[in-house]
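**Q** Pasting the sequence and the predicted coordinates here, then a few questions.
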Amino acid sequence: MALAEETSRIAALFEYSDEEVNKGVLEFLRQMKEGLQHDGTSLSQIPTYVTGVPNGTEKGLYLAVDLGGTNFRVCSVHLNGDTTFNLTYSKVAIPKELMVAEHAHQLFGFLAKQIEIFLRTHHGDHFDAHIRRRQTVSTPEGYRDEQIFRLGFTFSFPVQQSGINKGTLMRWTKGFDIPDAVGKDVCALLQQEIDRLHLPVKVAALVNDTVGTLMARSYTSPGKTATLLGAIFGTGTNGAYVEKVSNIKKPVGGDYDKSTGQMVVNTEWGSFDNQLNILPNTSYDIELDKKSVNPGIQMFEKRVSGMFLGEIVRLAIVDMLKNPSISLFRDENSSQNDWKSTTTIGAESSVFQQWGLDSSIMSIAAADNTPDFSTLRQELEKQLQVYAASREDALAFKKVAYAVGRRAARLSAVALGAIVLQSGKLKEAGDEPIDIGVDGSLVEHYPFFRDMIYEGLSAIEGIGPEGSKKIRIGIAKDGSGVGAALIALVAANMERKTVGDYLNRLRNDVAQKISNVFAGTAEPTTVA
Ligand code: GLC
């Protein structure tokens, strides 16, 4: 009985009421506006130089690479122009020592090598044909490489962009830490290593995974609606949305297509409310943050994303294990256990190690509704070396994990709801839904995560149950591949436009000179 009571007390610490959701939304809207006005705010609101979303008719073959978590993916994407695509990809785990290497070139050299292996394996003919770069059309900026692979670089860390393929790393997140790379242009870092290997590849676009998700969803989503928002709920969490350029008050330098009046903004909402104005803050959140590599930063992410949820649950469970007045994962004799075996927990159990509880077990706990929780109990044994956990133990674990997962989903609703309100689309919307593309292990594998988000959305003033029905949250797979390819395509079109503009200027210039000659006003030519 004591265990059940203590479990309820701990679960209640993670309750996040409707009232708190609404307060959260107001603060999110405030911090969004602040981020659109200045640099250096907690919601970074980074302009991405992507000024429109696709409609499914785009075509071509592009390369895309994805660095953002534990794996590095290289893929080639053939966009068929009819909302479908074909994708070939390879995936390698990033060696742990490269995630915290001393020099940036160690990591980026490894990435370039993977691109070479991919090209040789999957595009051998093309690769050989272009092994020597052809220099063709000259532009005001010098010679331009033609006939090479355009690559979209999905780099899912906070980057201050200054162009479609330029951006300096602001800080590492998600366990990466290579101080040498901070403040450098990550596209240039990758291009240097690609050039060192003489690969026929140009890094054409820099893409956050959320922007890729937004583009991929917009390319593939049903109906004509352009997608409003792309979001990741995986190892990390973040969102990118379509904003009116007129709302972006801070300076946006460099070139971009001004005709659409829109620009995709990468919110970097992982750092929403780093100052903890409204975020819930249990003793477990405090402890997690204190022992993390980046205390005080990514405070929203630390309450929402897969990398951290397991650790919050672990800290709560350890707290319960230390409590002598309750009996979690131990019974005095086997007769109390329905498996008739004494519960033990291995001294080496990963429950006692930081990051030792993988969030995936939370999904298993949430999905196991069998009467005796047999799947969860087996998993506790396999993952955490908790042997012969009782039904009560499993139930306690399930309740704590659920409370942490549910709080994460309701916080996610705060971010999504605020962006829907900021867009003003609920007022405009006719019958067309407001489309949101999402990706990541939490939305994909955590049972009812999306339903819990919808429940949170319905509680938001200005959205309500009616409004939430108009919001369509759909999975957008392969955002980092397809989305990056789509942005590489946009970048290639921009390049063509620049070359086209240059040729037009040249043509006009020549025409002017000729007409001057006929009018007798030609300037004297100086021969050096
Ligand atoms: C982290 C990164 C962000 C990325 C997100 C999801 O929050 O800072 O750039 O989009 O993880 O992968």
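**A** Looks like it arrived, so ask away. Bear in mind that the values here come from a model prediction, so they are computed numbers and not experimental data. Numbering: from 1, shown residues only.

**Q** What is the burial count for the closest residue to the ligand within the chain?
**A** Closest contact between the chain and the ligand, by Cβ to the nearest ligand atom, is at residue 236 (2.4 Å). Any C-beta I mention is one placed from the backbone N, CA and C, and that applies to glycine too. Neighbourhood size, residue 236 [other Cβ atoms under 10 Å]: 26.

**Q** for residue 86, same thing?
**A** Residue 86: 10 neighbours (other Cβ under 10 Å).

**Q** One more: residue 162?
**A** Residue 162: 16 neighbours (other Cβ under 10 Å).

**Q** Tell me if it really is in a helix.
**A** No. When DSSP: H, G, I helix; E, B strand; the rest coil is applied, residue 162 is found to be strand, with no helix at that position.

**Q** what does the stretch 101-250 of the chain put close to the ligand?
**A** Within the stretch 101-250 of the chain, the positions adjacent to the ligand are 156-158, 173-174, 208-210, 232, 234, 236-238 by Cβ under 6 Å from any ligand atom.

**Q** Tell me where the model's unsure across the stretch 1-150 of the chain.
**A** 1, 129-147 (pLDDT under 70).

**Q** how about 90 then?
**A** Along the stretch 1-150 of the chain, the model assigns pLDDT under 90 to residues 1, 52-60, 68-70, 81-85, 123-149.

**Q** Tell me where it has strands.
**A** 46-47, 59-67, 71-80, 85-93, 134-139, 142-146, 149-155 (DSSP state E, counting those that start in this stretch).

**Q** For residue 192, which of these is the nearest?
**A** Ranking these by proximity to residue 192 (Cβ to Cβ) places strand 149-155 first, at 12.9 Å.

**Q** residues in this protein within reach of the ligand, list them.
**A** So far as Cβ under 6 Å from any ligand atom goes, the chain lies against the ligand at 68, 156-158, 173-174, 208-210, 232, 234, 236-238, 268, 270, 301.

**Q** Sort out for me which of these are in strands.
**A** Counting by DSSP state E, the residues of the chain next to the ligand place 232, 237, 238 in strands.

**Q** Quick check: buried residues in stretch 419-429?
**A** For stretch 419-429, burial by neighbour count (16 or more other Cβ atoms under 10 Å) applies to 419, 420, 421, 422, 423, 425, 426, 429.

**Q** so which strand or helix has the third one?
**A** Using DSSP states H and E, the secondary-structure element containing residue 421 is helix 391-423.

**Q** Tell me the gap between that helix and the middle of its chain.
**A** 18 Å (Cα atoms, centre = their mean, to the nearest Å).

**Q** Now stretch 192-209: buried residues?
**A** 192-194, 199-209.

**Q** again, but for stretch 3-20
**A** 3, 6, 7, 10, 11, 13, 14, 16, 20.

**Q** ditto for stretch 465-479
**A** 467, 468, 470, 471, 472, 473, 474, 476, 478, 479.

**Q** shouldn't residue 485 be in contact with residue 152?
**A** Yes. Using Cβ atoms under 8 Å, residue 485 is in contact with residue 152, at 5.4 Å.

**Q** Which pair of the residues of the stretch 101-250 of the chain next to the ligand spans the longest distance?
**A** Farthest apart among these - using Cβ to Cβ - are 158 and 234, which lie 16.0 Å from each other.

**Q** and those two? which has more neighbours close in?
**A** residue 234 (24 against 21).

**Q** if we can go back for a sec, which of the residues of the chain next to the ligand fall in helices?
**A** Within the residues of the chain next to the ligand, residues falling in helices by DSSP state H are 209, 210, 301.

**Q** hang on, isn't the last one packed against residue 236?
**A** So that's residue 301. Yes. Using Cβ under 8 Å, residue 301 is in contact with residue 236, at 5.6 Å.

**Q** Now the common contact residues for these two.
**A** 173, 270, 307 (Cβ atoms under 8 Å, 6 or more residues apart in numbering).

**Q** ok, the residue lying closest to the second one once chain neighbours are set aside - contacts?
**A** With Cβ to Cβ, 6 or more residues apart in numbering as the measure, residue 301 is the residue that lies nearest to residue 270, at 3.4 Å, once sequence neighbours are left out. Residue 301 is in contact with 173, 236, 237, 238, 269, 270, 271, 307, 308, counting by Cβ under 8 Å, 6+ apart.

**Q** and the fifth one, how many neighbours?
**A** When you say that, I think you mean residue 269. The number of residues packed near residue 269 is 33, by other Cβ under 10 Å.

**Q** got a list of what it touches?
**A** 28, 43, 237, 238, 239, 300, 301, 415.

**Q** how does it look with 7 Å?
**A** Contacts for residue 269 (Cβ atoms under 7 Å, 6 or more residues apart in numbering) come out as 43, 237, 238, 239, 300, 415.

**Q** most neighbours, which of those?
**A** residue 238 (34 neighbours).

**Q** Spatially nearest residue to it, not counting backbone neighbours?
**A** Per Cβ to Cβ, 6+ apart, closest to residue 238 is residue 210, 4.8 Å.

**Q** Surely the one you found touches residue 241?
**A** No. The criterion here is Cβ atoms under 7 Å, and residue 210 misses it with residue 241 at 8.7 Å.

**Q** higher neighbour count, the two?
**A** Higher neighbour count among residue 210 and residue 241: residue 210, with 33 against 24, using other Cβ under 10 Å.

**Q** how close does that one get to residue 353?
**A** 31 Å (Cβ to Cβ, to the nearest Å).

**Q** Least confident of the residues of the stretch 101-250 of the chain next to the ligand?
**A** When those are sorted by pLDDT, the bottom entry is residue 174 at 85.

**Q** wait, doesn't it sit right on residue 232?
**A** No. Contact between residue 174 and residue 232 fails when scored by Cβ under 7 Å: they sit 11.1 Å apart.

**Q** ok, these two, which is more surrounded?
**A** Using other Cβ under 10 Å, the more surrounded residue of residue 174 and residue 232 is residue 232, with 32 against 22.

**Q** Quick check: chain neighbours aside, which residue is closest to the more buried one?
**A** Using Cβ to Cβ, 6+ apart, the closest residue to residue 232 is residue 440 (4.6 Å).

**Q** Measure how buried the one you found is and give me the count.
**A** When neighbours are defined as other Cβ under 10 Å, residue 440 has 25 of them.

**Q** Stretch 275-290: end-to-end distance?
**A** 14 Å (Cα to Cα, to the nearest Å).

**Q** Which residues does it contact?
**A** With Cβ under 7 Å, 6+ apart, stretch 275-290 has contacts from 13-14, 16, 23-24, 27, 42, 273, 295-296, 299-300, 302-303, 308, 311-312, 315-316, 407.

**Q** Swap in 6 Å and give it another go.
**A** 13, 16, 23-24, 27, 273, 295, 299, 302, 311-312, 315-316 (Cβ atoms under 6 Å, 6 or more residues apart in numbering).

**Q** which of these count as buried?
**A** 13, 16, 24, 27, 273, 299, 302, 311, 312, 315, 316.

**Q** The second one and residue 250: what is the separation?
**A** When you say that, I think you mean residue 16. Taken as Cβ to Cβ, the span from residue 16 to residue 250 is 31 Å.

**Q** quick revisit: and for residue 485 and residue 152, which residues touch both?
**A** residue 64.

**Q** For the residue lying closest to residue 372 once chain neighbours are set aside, grab the count of nearby residues.
**A** Nearest non-adjacent residue to residue 372, counting by Cβ to Cβ, 6+ apart: residue 391, 5.3 Å away. Residues within reach of residue 391, counting by other Cβ under 10 Å, total 16.

**Q** Low-confidence stretches in the stretch 301-450 of the chain?
**A** 327, 330-348, 387-388, 427-432.

**Q** show me where the stretch 251-400 of the chain has helices.
**A** Ranges of helices within the stretch 251-400 of the chain are 283-290, 301-304, 306-322, 360-367, 374-384, 391-423, based on DSSP state H, counting those that start in this stretch.

**Q** Just the buried residues of the fourth one, please?
**A** It stands for helix 360-367. The neighbour-count check on helix 360-367 (16+ other Cβ under 10 Å) flags 361, 362, 363, 364, 365, 366 as buried.
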